[in-house]
Structure formats: C-alpha cells, structure tokens
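Colleague: following is a predicted model, sequence given first.
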Amino acid sequence: MKIIKLNAIDSTNSFLKDLAQNSTLENYTVAITEDQTKGRGQQESKWVTAPLKNLTFSIFVKFNKLRINQKRYLNFAISLAIYDALLEKKIDKISIKWPNDIMAANKKICGILIENTFIGDRIKNSITGIGLNVNQEIFPEYLKNVTSLKLEKGFDFNLNNLLNDILIKIQEKIKLLENNEFDLLENSYLNVLYKKNIPTMFKNCQNEIFIGIIYGISTDGKLQIQLEDDSIKEFGIKEVSFL
Ligand code: BTN
C-alpha cells in the first residue's frame, strides 16, 4: 500500500484521478491531505472540511472481475468498512444512511464519494474518497445535523492510527468482494441501514412528502421503499431524500 501525503490539494479524488490517467497506479494507492480546498461531495455538492482536524483521503482500488451490475456491492463494502472502524471506536448508534452516509446518533459523521472507471461491462478501478469528521468541534451554520468522533466521545483521536484502522477494514471488505461474498455484504449492509424497519418520511423530486418503510436495495442500487398501500417503489439517488 502506497500512501501519498499532501499538505494541501483541491481534492484528493481529483488528484488520484489525474495520477491514474497519467501513470500506472499501485493497487490501494492512498492520497491524504491536511487541507482540502475544493472537496467534492455527492451529486455535485461541495465537501468542506476543517484543515488538520479530520480525515480527508482517497483510495485507488483495481478490480479484475467486478461487473458494472455488481457496483452496489462495492458501495456496501466501503460503507461497511467505515461502519466497522467506527464501531471499534465504540461510537454509539452508528448506521449507514443509503447510499453511503455514515451516521452517528442520527447525525452525519462521514461522507463517501465513489468514482469508478469502466472497461466493457466491468469496473476497472475505483477511486473512493472519504471525509470523516474526527476532531472538528465547530461546524458552519449551514451544515446541520453533523457530528464528529470528538463530539461523540469527548476526546481527540490520532488521525494516523484512525487512517490505518480504516485502511485495514477497507482491504478486508474488498477481499470479501473479490471472494464473491455478495450476500454477506448485502445482508450486513441492510442490517445496519439508517431508519431500517421504521416508518419514515421521505421527499420525492416533486417535493412531495410521503411515508414509507425501507424494503431493500434493487440490483441497480436504488432504494426500495414500501409505501402505505404496500406497493414497493424504487428511487434513484436524485429521486428521493430523507426528511
Ligand atoms: C458526500 O457525502 O457528499 C461525499 C463526500 C466525500 C468527501 C471526500 S473528502 C476526500 C475525497 N475528496 C473529495 O473531493 N471528496 C472526497
């Protein structure tokens, strides 16, 4: 495993993407920065982090046989790696909010951005960016409902140790993926899903509010929600949000 440490960079995902385009990257190459100036989040959002306080890194992983229609298992694997690492730190009430926000006591503690490169019907490699709130205690007003390890536990965490623990977990989960342990990954993911089995309020892209219960994840990674009339409807990432 190769770890590239950067004092400051626009985005560790973009950095690894450029590197992968211009050179042959070793499997599990990691880029980590103390200060990310133009962090990218899901759905073209921005990811803002406090310099030196948090974990801000990306990891490059190569695949030989993972098919595009198995993409959701990669998301399960990465989300579970972070989930497990936080569980080991005894963070209370951790869950995974579909598709891959990691929550602690109903507040977001970690964001994940997975960017894949394809070849034919296969995923050739992926760059996974992870932004984990670690020692940050004060968040800007517009970031509602967020927390950090420090806010949850009351003490500072060593960023290097935490990074090592997470990287080990990521490798463990990717091994499961390579060993075709798809059901195990799916069941583990569903088991720790945020708002699982609880009637929950959602908003669709027409801004309509509705109540439903999470039923599962479709083969193309959509969220399946059981509606009040018992029908099951599937929603893509842009089609639904939690209220
Ligand atoms: C999200 O929840 O919207 C995903 C956030 C992902 C942020 C991480 S920080 C490291 C990596 N580099 C980026 O530009 N984004 C990801």
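Modeller: Sure thing, it's come through. Residues are numbered from 1 along each chain as shown.

Colleague: show me what from this structure comes close to the ligand.
Modeller: Within the chain, the positions lying close to the ligand (C-beta under 6 Å from any ligand atom) are 11-13, 36, 39-42, 45, 47, 56-58, 101, 111-113, 129-131. For every residue, glycine as well, the C-beta is placed using N, CA and C.

Colleague: what is the top helix by length along the chain packed up against?
Modeller: When every helix of the chain is counted residue by residue (DSSP state H), the longest turns out to be helix 159-178. When contacts are defined as 3 or more C-beta pairs under 8 Å, 6 or more residues apart in numbering; DSSP states H and E, helix 159-178 sits against strand 55-62, helix 71-88, strand 122-132, helix 182-191.

Colleague: the shortest one - what's its average pLDDT?
Modeller: Rounded to a whole number, the mean pLDDT of strand 55-62 is 98.

Colleague: one more: stretch 79-89?
Modeller: Averaging pLDDT along stretch 79-89 gives 98.

Colleague: hmm, back to that, which residues does the longest helix of the chain contact?
Modeller: 1, 28, 30, 32, 54-55, 57, 59, 61, 63-64, 66, 73-74, 77-78, 80-82, 84-85, 88-89, 128, 130, 132, 134-135, 149, 184-185 (C-beta atoms under 8 Å, 6 or more residues apart in numbering).

Colleague: how much does it deviate in direction from strand 55-62?
Modeller: Counting by axes from the mean of the first three to the mean of the last three C-alpha atoms, to 10 degrees, helix 159-178 lies at 30 degrees to strand 55-62.

Colleague: next, the buried residues of helix 159-178.
Modeller: If you call a residue buried by 16 or more other C-beta atoms under 10 Å, then helix 159-178 has these buried ones: 159, 162-163, 165-167, 169-170, 173-174, 176-177.

Colleague: could I get the contacting residues of residue 15?
Modeller: Residues near residue 15 by C-beta under 8 Å, 6+ apart: 4, 6, 9, 31, 58.

Colleague: just the buried ones from these?
Modeller: Looking at those with 16+ other C-beta under 10 Å, the buried ones turn out to be 4, 9, 31, 58.

Colleague: in the helix or strand containing the third one, what's buried?
Modeller: I take that to be residue 31. According to DSSP states H and E, residue 31 maps onto strand 29-36. Residues 29-34, 36 are the ones in strand 29-36 that count as buried (16+ other C-beta under 10 Å).

Colleague: same check on stretch 223-239?
Modeller: For stretch 223-239, by 16+ other C-beta under 10 Å, it's 223-225, 233-235.

Colleague: need the residues you listed in TSV with secondary structure, pLDDT and distance to residue 154, can you?
Modeller: Formatted as TSV, those follow (DSSP: H, G, I helix; E, B strand; the rest coil; pLDDT from 0 to 100; distance: C-beta to C-beta, whole Å):
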residue	secondary structure	pLDDT	distance to residue 154
223	strand	97	34
224	strand	98	38
225	strand	98	36
233	strand	97	42
234	strand	97	41
235	strand	97	37
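
Colleague: of all the residues you listed, which two lie farthest apart?
Modeller: The largest separation in the buried residues of stretch 223-239, counting by C-beta to C-beta, is between 223 and 233 at 9.2 Å.

Colleague: sheet-wise, list the partners of the strand holding residue 31 with their directions.
Modeller: Its sheet considered, strand 29-36 pairs with strand 3-9 (parallel), strand 55-62 (antiparallel) by DSSP bridges.

Colleague: please identify the most buried of these.
Modeller: strand 55-62 (a mean of 24; mean count of other C-beta atoms under 10 Å).

Colleague: so how far is that strand off the chain centroid?
Modeller: Its chain's C-alpha centre and that of strand 55-62 lie 11 Å apart, by C-alpha atoms, centre = their mean, to the nearest Å.

Colleague: domains of this structure?
Modeller: What the record gives for the chain is the domain set 3-191, 200-242, from automatic domain parsing.

Colleague: most tightly packed of the ones you listed?
Modeller: Greatest average neighbour count among the domains of the chain goes to domain 3-191 (a mean of 17), per mean count of other C-beta under 10 Å.
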